[in-house]
Each structure stands twice: as structure tokens, then as C-alpha cells.
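[1] For reference, the sequence and a predicted model appear below.
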Amino acid sequence: MDCEIRVGTSGFDYPEWREVFYPHELERKGYLGWYAGKFDTVELNFSYYRMPEERQLHEFLSKAGKDCLFSIKAHQSLTHEIVPGAWEEALAQYRGALFPLVNAGRLGAVLFQFPPSFHYEAPRRKYLDALLRKAEGLPLVVEFRNHDWYNNRVFDALRERGVALAAIDLPDLPNMPPPMDLVTSPLAYVRLHGRNGETWWGSDAAARYDYCYKDEELRSWTLRLKAMASNARRILVYFNNHWRGQAPHNAATLKSFLAREGLLP
Amino acid sequence: MRREASVIHLNVVNFPASAEALRDSSLREKAFAVAVPGAARALILDVSRNALKEGIEPGMRVDEAERRAPGLRLVPPSPSFYVEVNRAIEEICARYAPLLENAGRGHFYLDMGGTRSLFGAYLDTTAKIRDELAEKVGLDAATALAANKLVAKVGTRSLRPDGLVCVREGEEGSFLCHQDVGLLPGVEGKPARILETVGIREIGELAALSDNEVLGLLGRQGPALRDGARGIDGSPVQDGQLSARVIEHRIRFDSDVLDSDVLDAVLTILVERCGFELRRDKLAARTVWAELLYTDEVEGRGGVTSRRPLALDGELIGAARLALGRAHFRRVRVAEVALALSRLEPAGLQLDLFAPEATVSGPLASSLRDLPLGREASLQEAVDRSRRRYGCASLTHGVSLAAARQGDSRHGDARQGIAAFRDV
């Protein structure tokens, strides 16, 4: 198969994973090294809240062995709290911090996750166009939480720019983006957030992502990834249902299903 | 608990080119076009994805395509093989869908309603079908799951060339809203030009028009198009696998008939009716049956099977006359005549639009036997267009008019002569 598939989790530094995923005696500073022994990619989310720094990413690289790929979420000043005239500087700072990952060939993707309030309107379209141009050269992924971006013009524009559209697995709730697997670049990107519709709105992050995928749901994803693999060179899959260590549990199960299909070694 | 969307549209984009790549694996990853080589003013019938990237499009003249993409490989069409591939897809779909509509040329609608307990969530089943299609046939398809056929079709069109989308029930309007209006079935030709002129680019803009506005803009078809833009579509998935479908029409005489000219006239009318339905559904038939009910209730039946698919009235009339000859074995008055078309299959390509102007002789002629001749197909399309607008009886062969009048002398003019035959 020409497509490489990597499976991991969104974040790795969760104290509640102790005993569920990390051994009891393992110190927190050893988490990444342990994680990298189980999974060959991780999505870093801290960068959404705090601008990443080169030093930090260097440290991650040194802890994560030689093979682990890092995907990294864009800072909120680029997706949620955009200040006209200031975002270019924020992007430059953010991009500069990624240097260690880029230099080591270990940057999987840069994820721009936009909020539901980011509507398909002319000023937002212009912003997105400018953002993607400025970030050109990086492996880019966009994730929309608003369904009005899911139209053929956006798909064509992403294809032209070689930017991936994140396929997202969410609860079946009104006004959520439609489930969609569409490969718009050599990189395909999948995020599984869990399907807990009861706690999705109006609860804390822990409750929102409290969901454990059933085997049949992961088998279905195996087939969907297989289909995506015929059009992509690399697929990165991340489980974000991090509560109580369900994400690494599901990621391991998916890896075993993919291996059975011959999609993983 | 919301209802689950249960209608799947499977769309093998660039179906002829995709099928050609199955036949010849060296074509994969290559820019090539399906076209009739050697035909005067030949046109591109279909293109591979890589050719599409080089700006080659179906309908383009071959010489222009070759100028644009020097070294473009041309592959002659193989309609019979396309039928085989289409049948293989149908077999996979039929294993899952209680209701299956084979719309031809790699398009299938599946109504999965009621199969959840059997196969699991509809989205998961959609993924399974897509996987089987890739594993067993070797084709990718744009696939959409929605509450109705129209929304599912817009879904696959928005994804082209492939991908998977599920439009949840109740969210049709929001999904359609920002799609290009040209993706909406029915928005082509004149309506497309009108919408472009008034600056309507998105489906949501059409959906927002009132009855009066849309009537003024698009005429009588306006409200239906507007409703479609709102995601409203009541058309059911037409059940029945294509191979089991039969198109049949029959006519019973007011007074029983002996005159063979009158029988021939009636046969012509039946061919026109069956053929109109056949082409409307973009199908072709391999077998033509004629059935007579004699005045003493004895039945006569005769059939003809063609090696190539028949679609045009001219082709069908020849086969129908042979079939009638086999059914008409008694010198007894006839009370009723029926014509049936079976062994249906999707018309291989939309060659009525792109057919070569002239026939080709020599070694390529055999590969062209499956193709309707361009001029005859063009004429048929013009006749069908008129029939769609004014009714099937609005244009008919002269022989049927003359004989029909002769067959029922109570009516003075030809149109009334046709009316004297009572449909059953």
C-alpha cells in the first residue's frame, strides 16, 4: 500500500491516564517517551492555549524517540480570537516555533480548528484564504465546526491549495458538520471526538469527551480509512475522547483492526 | 431520537474511463480519454482523472484535446464492458439494499430503510458497500447518504470524484445552501442560463425564492426546482434490479383487427411508447417481445434477442416486427397487441450527445457496432424532446397514422384514428 497510516491521540499529558494507560510508577516527565513506544504520532493541543516555543518542541523531540510524528493545533489567535492586523505576527511567531519539528522532518500537520461561530461569510473566507497562503509550505489541515463550509467551492479551494479537510467524528446532534471523508490533499486527517451527545453542550471538556468507541464503530472507521488511503499518501488519525484513557484504548484497537486489514505493518 | 437518513447514492464518476482502467491496468495514473478514433470531428466521450487535471473534458473535440495535452492516449469505448461492470456493482448493492435503483452508468440509489438491525448503522453499511466496490470491482465511488435521492445526488456531486458524506435528516437545507446551484438536478440548459443571468449562484438563493418569484423566473418548472433546492424530493427509489425490469405497453382494439397494416401501425405506436420510456430512463434493451391476443382468447408470443443493446425507435421497430412475425401465426382477428422490452441495461454512454457524425469502417468498426449512429441518435433526441414537452403521441411515424385511420374508419382524421386504440 502506498499510503502510510498513523494512529494516535489528541494530547498525551493526562494525569487521569495513570494506571489506565501509563504505569502507576511512571513519572509525568516520562509520559511522552512511554507514549511514543505505543503510538507513532501525537496531536499537540497545548499550543491552542499557549503559543508554542522552540525550546519546548525540541524537548518533545528528544523525549519521543526517532519516529513519532507531531501534529500541532494552531494557536487560538489564529482561529478563535482573530485580531485583524495582528494575526500575521502571531502566525510568524507560531511558525517560527515549529522549526525544530520541520527541521527534523517530524511535523505531521498543522491543524486550524475553527469554532462554530466561524461562518461561511465573505470576511471569514478572505481571512482563511490569507491565512492558508501565509502558512503555505506547512502540511495544513482545517477543521470546521460549522456545516456551511461543507460545500463544493470550499472543497475545490482546499484541493487547489493542497490543504486537508479534517474528517471528524462527532455526536449526532443538530447543526453539527456532516460526517464526511474527503481527501483534498496528499495528507488526510481524522479526528474522533467521541459521540457523547448528552454531554456535548453545556458541560466541561472531561464530560464532553467521555465516550468509548464500540468495536463495530471502529471497524467501520477501518473501512473508511481504507477508502481514504486510496487517495492519500499519509493519513493521521487522532482520538480526542481522552477522558479516563479511552482515547489510547480506542487508538490501540483501531491499530489492531487496521493491521488485520493489511493497512498497518 | 431523530430519524436516520437511509438513501444512498453511489456515483462512479467518469464511469467509462474508470471501467477502461479496470480493463487495462497500464491506464491507471495516466491521462487518457475515451473517444471513437478515426471518426470525423470525433469528440471526447469521457476522461480519466489525470486527463481532467490537464484540462481535458468530455464533449471536447479530440483534435483540440490533443493540442492541449500532446501525447494524450485515446481509448475506444467498450459499451458492452461498461454494462458488465455496471452489473457487477449492481450485484454488490443488491446484497444490502431492499430497494435498489440502477440508474445506469455507475449511478445507483439504495434505500436502506429497515436494515439497521441486519447490517448496523446506515453510515457503516455505506462504508461496507464502498469497500466491497473497491475490493471486488476495483472502483472508487462518490457516495452520499441522505434522506432522499435528490439530496444524496447533490452530495455525491459536491464530493466528486470520490468521498463519503452523510447528510442528516432535517439538515438538507443547510447542506444544500452554499452548494453551487449547478449541482442541483434539473438546473441545466435554459434554467441554468436564467439563474446565471440573475446572479443566483448558490442553491440556497434559489431555495429562498417565493412561489411568484420562481414562477416568474423559471416558469412552470420553477416551483419544483425551488422545492428541490429546499431539499424536498418525494421520488422513491425505483425498486427492482434492472435485469428483472420489463418495459411493456399494450393496446386493445375497439373492434378486432385482421389487417396486417393496422397491426404494423399499432406495433409502431407501441415501439414509440416503450422506446420513449426506455430512453427516458437512459436504458437500452436486448430482447423485444410481441404478444397478440386473438379474438378467441388464444395468445401468440414471439421474441427477438439482439446481440447489441437497442435504444432508438428505428432499431426497436426492426426487432419488434420480427417478434410480431413470430407471434402472428394464425389468420384470426386480433383483439390486443402488446410489446415488451426486457434484458434492460444502462445505455453505455450518453452518445446521443457525443456520437461521431460519421460511421467508421475497417478494424474499428466492430468496436462501434454498439454505438447508435450519430445522426439517427440526434434525430431521436429531437423527437423525444418534443414528446417530453407535448406528450408521446405528439410525434409519430406516418405509417401508424395512415394505417390507424384505415383501421378505424369511424374517425376521419389521423389523431382521432390513434385515439381509437384503447390503452390497456
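    Nice, I can see it.
[2] Up against chain B, what does the stretch 1-150 of chain A have?
    Residues of the stretch 1-150 of chain A found near chain B (Cβ under 8 Å from any Cβ of the partner chain) are A:Y120, A:H147, A:D148, A:W149, A:Y150. Where you see a C-beta, it was placed from the backbone N, CA and C, and this is true even at glycine.
[3] one more time with 10 Å
    Counting by Cβ under 10 Å from any Cβ of the partner chain, the residues of the stretch 1-150 of chain A lying close to chain B are A:Y120, A:N146, A:H147, A:D148, A:W149, A:Y150.
[4] Serialize those to TSV and add fields for neighbour count, distance to B:E291 and secondary structure.
    Formatted as TSV, those follow (neighbours: other Cβ atoms under 10 Å in any protein chain shown; distance: Cβ to Cβ, whole Å; DSSP: H, G, I helix; E, B strand; the rest coil):
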residue	neighbour count	distance to B:E291	secondary structure
A:Y120	18	58	coil
A:N146	18	60	coil
A:H147	22	54	helix
A:D148	18	56	helix
A:W149	23	57	helix
A:Y150	24	52	coil
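[5] In terms of secondary structure, what does the host helix or strand of B:S255 contact?
    Using DSSP states H and E, B:S255 maps to strand B:247-257. For strand B:247-257, the packing partners by 3 or more Cβ pairs under 10 Å, 6 or more residues apart in numbering or on different chains; DSSP states H and E come out as helix B:260-280, strand B:283-294, strand B:334-346, helix B:398-407, strand B:422-423.
[6] Is it possible to get a markdown table of these that adds mean neighbour count, mean pLDDT and distance to chain A?
    As requested, the helices and strands packed on strand B:247-257 are arranged in a markdown table below (neighbours: other Cβ atoms under 10 Å in any protein chain shown; pLDDT from 0 to 100; distance: least, Cβ to the nearest Cβ, whole Å):
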| stretch | mean neighbour count | mean pLDDT | distance to chain A |
| --- | --- | --- | --- |
| helix B:260-280 | 22 | 91 | 28 |
| strand B:283-294 | 22 | 90 | 29 |
| strand B:334-346 | 22 | 88 | 24 |
| helix B:398-407 | 19 | 63 | 47 |
| strand B:422-423 | 10 | 36 | 44 |
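[7] Figure out which of those is closest to A:E19.
    Nearest to A:E19 among the helices and strands packed on strand B:247-257 is strand B:334-346 (59.6 Å), distances taken as Cβ to Cβ.
[8] Within its sheet, name the partner strands of that closest one and how each one runs.
    Next to strand B:334-346 in the sheet, as set by DSSP bridges, lie strand B:247-257 (antiparallel), strand B:283-294 (antiparallel).
[9] Could you say which one of these comes nearest to A:I72?
    Nearest to A:I72, of all those, is strand B:283-294, at 53.7 Å by Cβ to Cβ.
[10] what element comes up after the closest one heading to the C-terminus?
    Counting by DSSP H and E, the next helix or strand C-terminal to strand B:283-294 is strand B:299-310.
[11] Out of the helices and strands in chain A, which is least certain?
    Of all helical and strand segments in chain A, the minimum by mean pLDDT, DSSP states H and E falls on helix A:205-208, at a mean of 80.
[12] Give the other helices and strands that whichever helix or strand comes after that helix contacts.
    Later in the chain than helix A:205-208, the nearest helix or strand by DSSP H and E is helix A:215-229. Under the contact criterion of 3+ Cβ pairs under 10 Å, 6+ apart, helix A:215-229 touches strand A:4-10, strand A:167-169, strand A:180-181, strand A:187-192, strand A:234-239, helix A:246-260, helix B:122-132, strand B:163-166.
[13] what residue ranges in the chain score low on pLDDT?
    All of this is about chain A. Along chain A, the model assigns pLDDT under 70 to residues A:1.
[14] Wait, chain B was what I had in mind.
    Filtered on pLDDT under 70, chain B yields the residue ranges B:1-3, B:39-40, B:240-243, B:348-374, B:402-424.
[15] Give me the distance between the most centrally placed residue in it and B:L344.
    When chain B is reduced to its mean C-alpha position, the closest residue under Cα atoms, centre = their mean turns out to be B:K282, at 1.6 Å. Distance of B:K282 to B:L344, given as Cβ to Cβ, to the nearest Å: 10 Å.
[16] Contact partners for B:T305?
    B:A285, B:R286, B:T287, B:V288, B:W289, B:A319, B:A323, B:S342, B:R343 (Cβ atoms under 10 Å, 6 or more residues apart in numbering or on different chains).
[17] Quickly list what the closest residue to the residue nearest to the centre of chain B other than its chain neighbours is bridged to.
    Of all residues not flanking B:K282 in the chain, B:G104 sits nearest, at 4.7 Å (Cβ to Cβ, 6 or more residues apart in numbering or on different chains). Note on B:G104: beta-bridge partners B:H107, judged by DSSP bridges.
[18] quick one: contacts for the residue in the stretch 201-350 of chain B positioned nearest to chain A?
    Using Cβ to the nearest Cβ, B:E202 is the residue of the stretch 201-350 of chain B that sits closest to chain A, at 8.0 Å. By Cβ under 10 Å, 6+ apart, the contact list for B:E202 reads A:151, A:153, B:176-181, B:183-184, B:195, B:208, B:229.
[19] what does A:P139 give?
    A:69, A:71, A:102, A:107-111, A:162-164, A:185-187, A:189, A:234, A:236.
[20] buried subset of these?
    Buried by 16 or more other Cβ atoms under 10 Å in any protein chain shown: A:69, A:71, A:107-111, A:163-164, A:185, A:187, A:189, A:234, A:236, out of those.
[21] Could you identify the most distant pair in these?
    Comparing all pairs in these by Cβ to Cβ, the longest separation belongs to A:L69 and A:V163, at 17.9 Å.
[22] Without its sequence neighbours, what residue ends up closest to B:F32?
    For B:F32, the spatially nearest residue (Cβ to Cβ, 6+ apart) is B:R73, at 4.0 Å.
[23] That's all I had, so thanks and see you.
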